[in-house]
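> Pasting the sequence and the predicted model now:
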Amino acid sequence: MWPVVVVLALAGCGGAPSDETEQFTQGGVSMEPAVKAGQVITVRKVAKGYTPKRGDVVLFRGDRAGWVNTTTPLLKRVVAVGGETVACCDVAGKVTVDGQPLDEPYVVENAPLDVPPEPQSCEPRRFGPVKVPADALFLMGDNRTRSNDSRCAGPVPVTAVHGVMTTS
């Protein structure tokens, strides 16, 4: 079962677009344990000039054939931004960005290393290297064994991002 996010309600705070928030219910397990299936989250709507950063948890619409459901918003973590090269794995089994291993304490259940890479499946941990295009993001779920993400569906345009999950 692939992750989906379902719109619950609009909780507009008024003011600039970046001050507006929406609440969503996480429909899948791809972001566990950080966001559990059925958990209500709040996202801050992004303005046109949104500058993504590694670690952001973003709500977006997959607009490419590789994404399982292109009509329902999805929730994933930004692992690399435009211009960076992302790959897996280094000798310790970690995802690297521009050759540097990432510290990912939010990944509790990782994908297996011993499964050969396949372009049509996100099961394997190994992938890349992938040079992320300018104005695009490489997104991955925290629950790597149960996430359909950029490993098999490819980078996502920054313009597909609708909101960034808030921490409060």
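Great, that's in hand.

> Show me what the helix or strand harbouring Q23 is packed up against.
Per DSSP states H and E, Q23 falls inside strand 21-26. Contact analysis of strand 21-26 by 3 or more Cβ pairs under 8 Å, 6 or more residues apart in numbering; DSSP states H and E lists strand 5-11, strand 40-45 as its packing neighbours. To be clear about C-beta, it is placed using only N, CA and C from the backbone, and glycine gets the same treatment.

> I'd like to know which of those strands has the weakest mean confidence.
When the helices and strands packed on strand 21-26 are ranked by mean pLDDT, strand 5-11 comes last with a mean of 36.

> Can you show me the helices along this protein?
Listed in chain order, the helices found in the chain under DSSP state H are 150-153.

> ok, the most centrally placed residue in it - contacts?
For the chain, K76 is the residue whose C-alpha lies nearest the centre (Cα atoms, centre = their mean; 2.2 Å). When contacts are counted by Cβ atoms under 8 Å, 6 or more residues apart in numbering, K76 touches S30, M31, V57, V58, F60, L139, M140, G141, S147, D149, S150.

> so what's the fifth one up against?
The one in question is F60. Contact analysis of F60 by Cβ under 8 Å, 6+ apart lists P73, L74, K76, L139, V156, A160, V161, H162.

> Closest one to C89 out of these, please.
L139 (17.8 Å; Cβ to Cβ).

> got any ranges where the protein has weak pLDDT?
Residue ranges of the chain with pLDDT under 70: 1-18, 63-70, 117-121, 168.

> how about the strands in it?
Along the chain, the segments classed as strands by DSSP state E run 5-11, 21-26, 40-45, 57-60, 74-81, 85-88, 95-97, 100-101, 127-131, 136-140, 156-157, 161-165.

> Paired strands for the fifth one, with orientation please.
Spelled out, it's strand 74-81. Strand pairing for strand 74-81, determined by DSSP bridges: strand 57-60 (antiparallel), strand 136-140 (antiparallel).

> How about the third one?
Here strand 40-45 has these sheet partners by DSSP bridges: strand 21-26 (antiparallel), strand 161-165 (antiparallel).

> for those strands, which one sits closest to A47?
The nearest among the strands paired with strand 40-45, by Cβ to Cβ, is strand 161-165 at 10.6 Å.

> Show me the contact partners of the closest one.
Applying Cβ under 8 Å, 6+ apart, the external contacts of strand 161-165 come out as 21-22, 35, 41-46, 50, 52, 56-61, 73, 75, 137.
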